[in-house]
Each structure stands twice: as structure tokens, then as C-alpha cells.
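Peer 1: coords please:
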Amino acid sequence: MFTQDQLKQHAAQAALDYVLPYLNPDTILGVGTGSTVDRFIDLLALHRESFRGAASSSERSTRRLQGAGIEVFDLNAIQSMALYVDGADELDQDLNMIKGGGGALTREKIVASVAERFVCIVDESKLVERLGLFPLPVEVIPLAREAVARALRQFGGQPVLRAGFTTDNGCQILDVSGLHLDQPAQFEAMLNSVPGVVCCGVFAISGADIALVAGQGGVQMIERMLS
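Peer 2: Presented below is the predicted three-dimensional model:
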């Protein structure tokens, strides 16, 4: 029986195997944030001479990439990337996600938007039938925290301020429990329209394109169905 840490390592290795054919001296990879991504960065570092560098979604990942000898580029200098690799806190079979447990959701969504394909790497504990069991992170401008919290309660959620935490953007996070996201893309769009919301952790309007899910029987690949 593999432990969760071992499964994360398997997912990271599968991501590296997926990424390797894309690497060339001009390649810039989009790299996300989290414990599984940390493992991916460590593996990627073994091939740092094979590609140009990375665009990072957080200060945490930037430090790890630079510490591994991988150059990190400002996203403003990048017009497109083939791949963005990141984890998720929840993932459904349609490759909709909840992200933001590490607090980097806004930058993750921005960096992912520049990439042609989003590769989600998770262990099987993150795969769910319906999003919402994991509290939904919502990044908010501090001035609007209570106004956004009231709106979230009207949507049926129970928001709690993430105490002692400030995002890389200088904002706060409300973690919202009690939500059942049967229509995640519609909910994401609705929440995005609330004044004071910087970003919500639903990734459904633009979800993952491919998921590598590490389980006891190996790594399963799930691809988004074309509509």
C-alpha cells in the first residue's frame, strides 16, 4: 500500500514523463504551487539544461525553482507556453477543480491562462464526484472582506477568514465550506462578479486539459472531452 506522499511522488514522476518530450532550449514551462508540484520541481531540476526556464505561480515555487538552478521568467515577457503543470485540492471527472489550499489561486489561474494545456497532477484522494467538500478558497481585497462574506452566505456558503495569512498579492482569503458545486462553471462566473473578489478557487470555466491521477494501481490519465 502506497502512502499519500509516495502517490504524490508517482504523480510528479508521471508529470515529468509527460513534459519531457516538450523540452527544448526555447521551452518555458508554467509551474504551479503545492506539495506535489514541489516534487515535480525537484525532478525537473535534473533536466534543467534541456529547457529555457519557467513561469511561476507563487513566491514559494519561484524560490524552489531558483534554488534548483531553473531560471524564472516574468509572465509579462511570455506570450505563450505549451504546458502549465499544477496540482489541485479537488478534481472531478470533467477536470473541473478546486484550488487555492496553498493560497496561490489568483496567480495560478493567471499563469494557466497563458498556457496551451493545463496538466493537473494529483493523488487519488483528490478525485471526487462533485466539487465542494474541500472548503473553497476565495481571495478578497481586505476592504471588501465582510461584504464578500455576506454574499457568500447568500450563496449557501460558510466563509471563514484564513487567519494570519496574506497572499502574494497582499490580499486575504476566505475559505468557504458548505457548498455543493453541481454547476461549477456557472458558480465560478457568478462569484467572479461579486465586487471585492479577486479570484475564486473554482477552475471550471477553464479547467484542466489533462489529469495524471496517482493511485494504488498506477497513474491514470484523464483527458478533457472536447465539446
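
Peer 1: and the longest helix for the chain?
Peer 2: For the chain, the longest helix by residue count, based on DSSP state H, is helix 4-19.

Peer 1: hmm, who's touching that helix?
Peer 2: Helix 4-19 has contacts (Cβ atoms under 8 Å, 6 or more residues apart in numbering) with 2, 29, 35-37, 39-40, 42-44, 47, 83, 85, 87, 119, 121-125, 210, 212-216, 218-219, 221. No exception for glycine: its C-beta is placed from N, CA and C like everyone else's.

Peer 1: same thing with stretch 210-223?
Peer 2: Outside of stretch 210-223, the residues within contact range by Cβ under 8 Å, 6+ apart are 1-2, 7-8, 10-11, 14-15, 18, 91, 93, 95, 117-124, 126-127, 209, 224.

Peer 1: inside strands: which ones of those?
Peer 2: Judged by DSSP state E, the contacts of stretch 210-223 include 91, 117, 118, 119, 120, 121, 122, 123 as members of strands.

Peer 1: residue boundaries of the strands in the chain?
Peer 2: For the chain, the strands defined by DSSP E occupy 28-31, 53-56, 81-86, 90-91, 97-98, 115-123, 136-140, 158-161, 172-177, 197-200, 202-203, 210-215, 218-223.

Peer 1: on that earlier part again, can you say which of the contacts of helix 4-19 are buried?
Peer 2: 29, 36-37, 39-40, 43-44, 83, 85, 87, 119, 121-124, 210, 212-215, 219 (16 or more other Cβ atoms under 10 Å).

Peer 1: just to revisit the earlier point, now, among the ones in strands among the contacts of stretch 210-223, which is nearest to residue 190?
Peer 2: Of all the ones in strands among the contacts of stretch 210-223, residue 190 sits closest to residue 91, with 21.1 Å by Cβ to Cβ.

Peer 1: correct me, but the closest one touches residue 126?
Peer 2: Yes: taking contacts as Cβ atoms under 8 Å, residue 91 lies within contact range of residue 126: 5.2 Å.

Peer 1: for beta bridges, what are the partners of residue 83?
Peer 2: Residue 83 has these beta-bridge partners by DSSP bridges: residue 117.

Peer 1: what residues go with each domain of this structure?
Peer 2: In terms of domains, the chain is parsed into 4-128+206-223, 136-201 (source: automatic domain parsing).

Peer 1: and among those domains, the most buried is which?
Peer 2: For the domains of the chain, average neighbour numbers computed from mean count of other Cβ atoms under 10 Å are highest in domain 4-128+206-223, which has a mean of 19.

Peer 1: now do that domain, average pLDDT.
Peer 2: Averaged across domain 4-128+206-223, pLDDT comes to 97.

Peer 1: skipping adjacent residues, who's closest to residue 203 in space?
Peer 2: Spatially, and ignoring its direct neighbours in sequence, residue 203 is nearest to residue 97 (4.2 Å; Cβ to Cβ, 6 or more residues apart in numbering).
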